[in-house]
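J.: fold the following for me, if possible:
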Amino acid sequence: MTKAELIGVVAEKTDFTKKNAEAAVNAVVSAITETLASGEKVSIVGFGTFEVRDRKEKQVINPQTKQMMTAPASKAPAFKAGQALKNAVNK
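T.: This is a model prediction of the structure:
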């Protein structure tokens, strides 16, 4: 499902116009992004939890030169599905 398709589904299920549904979807995505950027978790009961995980610095091989190099430490967004979502998917 693309973002445009998601906006269409939200508009259909809520009787919003597509413009209002797009604003709602953008607001949710923006709120999640800003919260993760500040280092906090976002928990949606029954759906799941978005969080930021730290990745350690590690040694990797450059595929072009075949030489070892260091990949710097970084942060990565992660999602852990809630039990209700897992049950719905496995139905």
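
J.: buried sites along stretch 17-33?
T.: 21-22, 25 (16 or more other C-beta atoms under 10 Å). Any C-beta I mention is one placed from the backbone N, CA and C, and that applies to glycine too.

J.: tell me which of those residues is nearest to residue 88?
T.: residue 25 (20.2 Å; C-beta to C-beta).

J.: let me know the helix or strand that the closest one is in.
T.: Here residue 25 sits within helix 18-37, counting by DSSP states H and E.

J.: the helix or strand just after that helix packs against which elements?
T.: As assigned by DSSP H and E, the chain's next helix or strand after helix 18-37 is strand 42-44. Contact partners of strand 42-44 among helices and strands, from 3 or more C-beta pairs under 8 Å, 6 or more residues apart in numbering; DSSP states H and E: helix 18-37, strand 48-55.

J.: the first one to strand 48-55, inter-axis angle?
T.: Going back to what we said before, that points to helix 18-37. Here helix 18-37 runs at an angle of 40 degrees relative to strand 48-55 (axes from the mean of the first three to the mean of the last three C-alpha atoms, to 10 degrees).

J.: now do helix 18-37, average pLDDT.
T.: Taken as a whole, helix 18-37 carries a mean pLDDT of 97.

J.: put the alpha carbons of it into CSV.
T.: What follows is helix 18-37, C-alpha atoms only, in CSV (Å, rounded to 0.1, in the frame of the first residue of the first chain):
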residue,chain,number,x,y,z
LYS,A,18,-9.0,13.3,0.5
LYS,A,19,-7.4,16.6,1.4
ASN,A,20,-8.4,16.2,5.1
ALA,A,21,-7.3,12.6,5.1
GLU,A,22,-4.0,13.6,3.7
ALA,A,23,-3.5,16.2,6.4
ALA,A,24,-4.4,13.6,9.1
VAL,A,25,-2.0,11.0,7.7
ASN,A,26,0.8,13.6,7.4
ALA,A,27,0.1,14.8,11.0
VAL,A,28,0.4,11.2,12.3
VAL,A,29,3.6,10.5,10.4
SER,A,30,5.1,13.9,11.4
ALA,A,31,4.3,13.3,15.1
ILE,A,32,5.9,9.9,15.1
THR,A,33,9.0,11.2,13.3
GLU,A,34,9.4,14.1,15.7
THR,A,35,9.0,11.9,18.7
LEU,A,36,11.5,9.4,17.5
ALA,A,37,14.0,12.2,16.6
